[in-house]
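Q: Test case, fold it:
(2 chains)
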Amino acid sequence: MNTGFGFEIKSCSGRARAGVFNTPHGELATPLFAPVGTQATVKSVTPAQLEELNAGLVLANTYHLYLRPGDEIIAQLGGLHSFMHWDRPILTDSGGFQVFSLSDSRKIDADGVTFKSHIDGSIHRITPEKSISIQENLGADIIMAFDECGSPYDQSANEIALDRTHTWVDRCLSAKTRSDQALFGIIQGGIFPELRKRSAEYLSRLDLPGYAIGGLSVGETKPETLSMLELVDSYLPEDKPRYLMGVGSPEDLVTGVQRGVDIFDCVLPTRLARHHAAITRTGRINIANARYASEQSPIDDYCSCYTCRNFSSAYLRHLVLAKEILGATLLTIHNLNTLLTLMNEIRQSILDGQFEKFAANFLDRWDKTI
RNA sequence: GUGCCUAUGGUGUAGCGGCAACACAGAUGACUGUGGAUCAUCUAUCACGGGUUCGAAUCCCGUUAGGCACC
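A: Numbering: from 1, shown residues only, chains lettered A, B, ... in the order given. Presented below is the predicted three-dimensional model:
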């Protein structure tokens, strides 16, 4: 059923892996970072610019696209790849997380979730079957199981959410009809080791083409995040990709890969770009700061991106203060380039057997304030 | 020249005897399965000089600078 989604590990270094994941829209070299394109667009950049950045996988959202313009319209127009003119792989999130984080009111029961649209207040219902139906209309290469993400420190709520998430992944599998889409399950369990273990073991038995780790970086401490990652990775099958959802500062990529993560996505680089912050290899800078008013050098002298090759910090600051949209575009290009090239170097260092050295060197220079 | 009005942060305005408020601008920070959204913190010895009062941005006098009217 999942032929065409093979995962081949080329090289390991400790728990870090460098591999290749096959999809109907091409191979993905892992570990990888996926830019987020919630509404069928990575905000402020064109697909051509994403290709120039060598982005492999792009993430889009079931919740948003179902509400607007509607998954059936996208299906009529030939699916998401054609609609947004992106020929490389796409992953759609299931809508579970967004219902909890964006909708002002929602009611959850064993069967699904009823919620109010954040756009016009209209009432909608998403069940595991509905989520799969929407995601089949959208037509992404990787689709996600409908899950419930609990608050990280609430044990009893996490137990209930976990049972629902497990029942729902079974229902997602039964509802799934397309063989050209890989369904990933999502591990939940907050910061509770026994729940995380139970979730990882339950999903592993389903022999899915990939496994996501959800409910992290949602308020818990960094040490808690890392210890959950270590625990979960020890229960997951080695030969399937692991996807850490919603996580992606440069430091997170390095520490995540160290703990066996193959795929990351995160709004951080694109959101920060719209909020005046540039991500560099050593930390983060706010380009709106007065100190850059007449700074002739680029954001990062050693960066090879289009923005840094051609524009001064002073110009970027001017664009940002004048609220010109080009400012968001240029900062987005820079921030994505920082993460994507970092990931390429991580991968290469794994292939070269130098990853631990690379990671130690990176973390040594990293400014913890990001 | 005479008379009358006005003067409060960078800008525009409130306050009219009792801890100087609001909007925008500015500064600094936050943002991790996306709101180009938003939030937090900071930024004024009330034109100047005197006086009245326990207490003055507020009342009185003078100076300076604008505005209006008349000659």
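Q: Tell me how far the nearest residue to A:F355 once chain neighbours are set aside lies from RNA strand B.
A: Excluding the flanking residues, the one nearest A:F355 by CB to CB, 6 or more residues apart in numbering is A:S13, at 3.8 Å. Quick note: C-beta positions are derived from backbone N, CA and C, even for glycine. Here A:S13 is placed at a distance of 23 Å from RNA strand B (CB to the nearest atom of the strand, to the nearest Å).
Q: just checking, A:S13 touches A:Q348?
A: No. When contacts are counted by CB atoms under 8 Å, A:S13 is not listed as touching A:Q348 (11.2 Å).
Q: ok, these two, which is more surrounded?
A: Legend: neighbour count by other CB atoms under 10 Å for A:S13 and A:Q348, higher for A:S13 (21 against 14).
Q: What parts of the stretch 201-350 of chain A come near RNA strand B?
A: For the stretch 201-350 of chain A, the contact set with RNA strand B under CB under 7 Å from any atom of the strand comprises A:212, A:214-215, A:217-218, A:245-249, A:252, A:265-268, A:270-272, A:274-277, A:284, A:286, A:288-291, A:321, A:325, A:328.
Q: Filter those residues down to just the buried residues.
A: Listed as buried from those are A:212, A:214-215, A:217-218, A:245-249, A:252, A:265-266, A:268, A:270, A:272, A:274, A:276-277, A:284, A:288, A:328; burial here means 16 or more other CB atoms under 10 Å.
Q: Give me the subset of those residues lying in strands.
A: Counting by DSSP state E, these place A:212, A:265-266, A:277, A:284 in strands.
Q: returning to that earlier point: list the ones among the buried ones among the residues of the stretch 201-350 of chain A next to RNA strand B that fall in helices.
A: Residues of those located in helices (DSSP state H): A:252, A:268, A:270, A:272, A:274, A:328.
Q: And the spatially most central residue of chain A, what's its pLDDT?
A: In chain A, the centroid-proximal residue (CA atoms, centre = their mean) is A:D265; its distance is 1.8 Å. On pLDDT, A:D265 comes in at 97.
Q: which residues does it contact?
A: When contacts are counted by CB atoms under 8 Å, 6 or more residues apart in numbering, A:D265 touches A:33-36, A:57, A:59, A:91, A:243, A:245-248.
Q: Can you lay out these as TSV showing distance to A:L173 and pLDDT?
A: As requested, the contacts of A:D265 are exported to TSV (distance: CB to CB, whole Å; pLDDT from 0 to 100):
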residue	distance to A:L173	pLDDT
A:F33	28	98
A:A34	23	98
A:P35	28	98
A:V36	26	97
A:L57	22	98
A:L59	21	97
A:L91	17	98
A:Y243	17	98
A:M245	19	97
A:G246	23	96
A:V247	25	96
A:G248	28	94
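Q: Closest to RNA strand B out of those residues?
A: Nearest to RNA strand B among these is A:G246, at 2.2 Å by CB to the nearest atom of the strand.
Q: ok so, going back, who does the residue nearest to the centre of chain A bridge with?
A: Legend: beta-bridge partners of A:D265 under DSSP bridges are A:A34.
Q: From A:G56, how far off is it?
A: 11 Å (CB to CB, to the nearest Å).
Q: which neighbours do those two share?
A: Taking CB under 8 Å, 6+ apart as the contact rule, the neighbours common to A:D265 and A:G56 are A:A34.
Q: I'd like the average pLDDT over the helix or strand hosting A:R198.
A: Element membership of A:R198, judged by DSSP states H and E, is helix A:193-204. Averaging pLDDT along helix A:193-204 gives 98.
Q: outside of that helix, which residues touch it?
A: With contact meaning CB under 8 Å, 6+ apart, helix A:193-204 is reached by A:155, A:158-159, A:162, A:165-166, A:169, A:185-190, A:211, A:227-228, A:231-232, A:235-237.
Q: contacting residues for the residue nearest to A:T280 when sequence neighbours are not counted?
A: For A:T280, ignoring the flanking residues on the chain, the nearest one in space by CB to CB, 6+ apart is A:D300 at 4.9 Å. Applying CB under 8 Å, 6+ apart to A:D300 gives the contacts A:278, A:280-281, A:308, A:334, A:338.
Q: how about 10 Å then?
A: A:278-282, A:285, A:307-308, A:313, A:334, A:337-338 (CB atoms under 10 Å, 6 or more residues apart in numbering).
Q: Where does A:F362 sit: helix, strand or coil?
A: At A:F362 the chain is in helix, as set by DSSP: H, G, I helix; E, B strand; the rest coil.
Q: Look at it and say how many residues are nearby.
A: 20.
Q: Excluding chain neighbours, what is closest to it?
A: Closest residue to A:F362 apart from its sequence neighbours, by CB to CB, 6+ apart: A:V254 at 5.4 Å.
Q: I figured the one you found hits A:K357, correct?
A: No. Using CB atoms under 10 Å, A:V254 is not in contact with A:K357; the gap is 12.0 Å.
Q: So if I had to pick from the two, which one is more boxed in?
A: Each of A:V254 and A:K357 has its neighbours counted (other CB under 10 Å); A:V254 has more, 22 against 12.
Q: Give the rounded mean pLDDT of the helix or strand hosting that one.
A: Assigned by DSSP H and E, A:V254 belongs to helix A:250-258. If you average the pLDDT over helix A:250-258, you get 97.
Q: For A:G219, the count of nearby residues, please.
A: A:G219 is flanked by 12 other residues according to other CB under 10 Å.
Q: State the phi and psi torsions of it.
A: The phi/psi pair for A:G219 (degrees, to the nearest 10) reads phi 130, psi -20.
Q: again with the one 4 residues further on
A: Listed backbone geometry of A:P223 is phi -60, psi -40, with angles given as degrees, to the nearest 10.
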